[in-house]
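> missing the sequence, but the structure's below:
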RNA sequence: GUGACUGUAGCUCAGCUGGUAGAGCCCCGGACUGUGACUCCGGUUGUCGUGGGUUCGAGCCCCAUCAGUCACCCCA
């Protein structure tokens, strides 16, 4: 029978990698906790409608990347392609948003049916942070400060660049879109099929066309900047000033347009050139219209999401995971000769009680000294405890040795009763 | 969704113009040593990604399919 394998683009995270993930997760937890953000958890499945109404009907994500299906009741459901929509739905459904401020975070798997490549997978993971009820730009800057802090803790700040842009309010973009549609209608005969369709559904996306003929037709098209409201301009100017005052470097990128429709005013991406084509590690911005769009009371909002796989790739290739985070075993207890069968387990238990923060493995399965000490080395432990006896079941006659592993061959004979205290000198 | 390249042992890979599948590492046992060494001896492992086709004969050629990698696109 043919072996079954994982679905394309969906990865197993094996023991060799999971330590890196844990390191990253603990770092993230530490930082959001220090900023006073609280965790929210929401389902992987939602009604398809939620994503259509938030992300936008004519975005790539909704048009061709969602895992959607009819469940047994005939409801059309989708696996979440991102976190913000579900977060907003959950927070609003439970009354967390009305007349309140919230600082929330989440983490978990997201699903998009794209062609996999480096840093892009069909099941991928995000850390997300969302803030509700604050006008900014102070909260926007706080979010960026939080991200910058995370890069510092991970020691990868020098490899990331913050790019920012102002895409104006929803009203600004609506006015601009109308103008752009009118302009495109005047050049109708020079547009390709794709552009002709989008000029009505989502005219701004025509600007991204790779077709040279379309690009030519865009000559002299109106520019978004001319439509951005004074209020939005001021918000953006303040944001830049605050970033400068806080020493958070950034680069303005007028072509930075996010692929999700709900963003407004300031949007940003942290990018790196260490990952190849998928250089965006973190992306976000304001989305003041989304809550109302989903049926809630108008609520100011901003947030970002981080791609965990991309961060893991960065940490690996830059070798930024501390060695101690990669060694789950500290002490390896082995028994040779005629040691009572339960002694190893008992000694390990005592060590665990005294040093609960350490990882302690008791060798199981027998074997000669050489094979056991070899397993001790291979476990990555820094110390081995060797129990050896010539006499059956006589614990008093057991020789106990603490042996430093790694490059050193330092060792010390100790009494069984002194082991847990003596070993402190080796830690 | 499009394109390019790639699929041979647990891992890394070799395998000539088509002629009965190999190496290293790892792992296990043993000798030696008696604190993972070295050396030596011995041992396990493959439907050559899958399914068709061409051929007397296919790991190698052809088609399809699945998967991986990278890029386009898009994004985290």
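Right, received. Where do you want to start? Source: prediction; values computed, not measured.
> residue ranges for the helices of the stretch 51-200 of chain A, please.
For the stretch 51-200 of chain A, applying DSSP state H, counting those that start in this stretch gives helices covering A:60, A:84-93, A:138-154, A:170-186, A:193-201.
> winner for burial among the ones you listed?
Of all those, helix A:84-93 carries the top mean neighbour count, a mean of 22, counting by mean count of other CB atoms under 10 Å. Bear in mind the C-beta positions are built from the backbone N, C-alpha and C, glycine included.
> spell out the secondary structure type for residue A:340.
At residue A:340 the chain is in coil, as set by DSSP: H, G, I helix; E, B strand; the rest coil.
> what's the distance between it and residue A:138?
Remark: distance between residue A:340 and residue A:138 (CB to CB, to the nearest Å) = 66 Å.
> where's residue A:376 relative to residue A:221, distance?
69 Å.
> which one of these two is surrounded by more residues?
Counted by other CB atoms under 10 Å, residue A:376 and residue A:221 do not tie: residue A:376 has more neighbours, with 23 against 15.
> verify the contact between the more buried one and residue A:367 for me.
No. Assessed by CB atoms under 8 Å, residue A:376 is found out of contact with residue A:367, at 11.3 Å.
> export the helices of the stretch 51-200 of chain A as CSV, with columns for mean pLDDT and distance to RNA strand B.
Output for the helices of the stretch 51-200 of chain A, formatted as CSV (pLDDT from 0 to 100; distance: least, CB to the nearest atom of the strand, whole Å):
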stretch, mean pLDDT, distance to RNA strand B
helix A:60, 86, 4
helix A:84-93, 96, 8
helix A:138-154, 96, 10
helix A:170-186, 84, 14
helix A:193-201, 71, 10
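> in CSV, list these along with distance to residue A:330.
Formatted as CSV, the helices of the stretch 51-200 of chain A follow (distance: least, CB to CB, whole Å):
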stretch, distance to residue A:330
helix A:60, 48
helix A:84-93, 39
helix A:138-154, 23
helix A:170-186, 55
helix A:193-201, 59
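> out of these, nearest to residue A:357?
Each of those has some distance to residue A:357 by CB to CB; the shortest is helix A:138-154, at 20.2 Å.
> contact partners of the closest one?
The contact list for helix A:138-154, computed with CB atoms under 8 Å, 6 or more residues apart in numbering, reads A:24, A:27-28, A:30-32, A:34-35, A:37, A:129, A:131, A:157, A:160, A:162, A:239, A:242-243, A:246, A:248, A:266, A:268, A:270, A:282, A:284-286, A:302-304, A:306, A:311, A:315, A:320.
> so which of those residues reach RNA strand B?
Among the contacts of helix A:138-154, proximity to RNA strand B is found for A:282, A:306 (CB under 7 Å from any atom of the strand).
> quick check: the residue of chain A nearest RNA strand B.
residue A:259 (0.9 Å; CB to the nearest atom of the strand).
> quick check, that residue in contact with residue A:60.
Yes. Counting by CB under 8 Å, residue A:259 sits close enough to residue A:60 to count as a contact (6.1 Å).
> residue A:277 contacts residue A:310, correct?
No. Taking CB under 8 Å as the definition, residue A:277 is not a contact partner of residue A:310, at 11.2 Å.
> what parts of the stretch 251-400 of chain A come near RNA strand B?
A:257-260, A:269, A:276-283, A:305-307, A:309-310, A:367-371, A:373-375, A:377-378, A:386.
> among the residues you listed, which ones are buried?
The neighbour-count criterion (16 or more other CB atoms under 10 Å) marks A:258, A:260, A:269, A:278-283, A:305-307, A:309-310, A:373, A:375, A:386 among these as buried.
> hang on, residue A:387 in a strand?
Yes. Counting by three-state DSSP, residue A:387 is located in a strand.
> next up, the contacts around the closest residue in space to it that isn't next to it in sequence.
Using CB to CB, 6 or more residues apart in numbering and skipping residues adjacent in sequence, the residue nearest residue A:387 is residue A:335, 4.5 Å away. By CB under 8 Å, 6+ apart, residue A:335 lies in contact with A:343, A:344, A:363, A:372, A:387, A:388.
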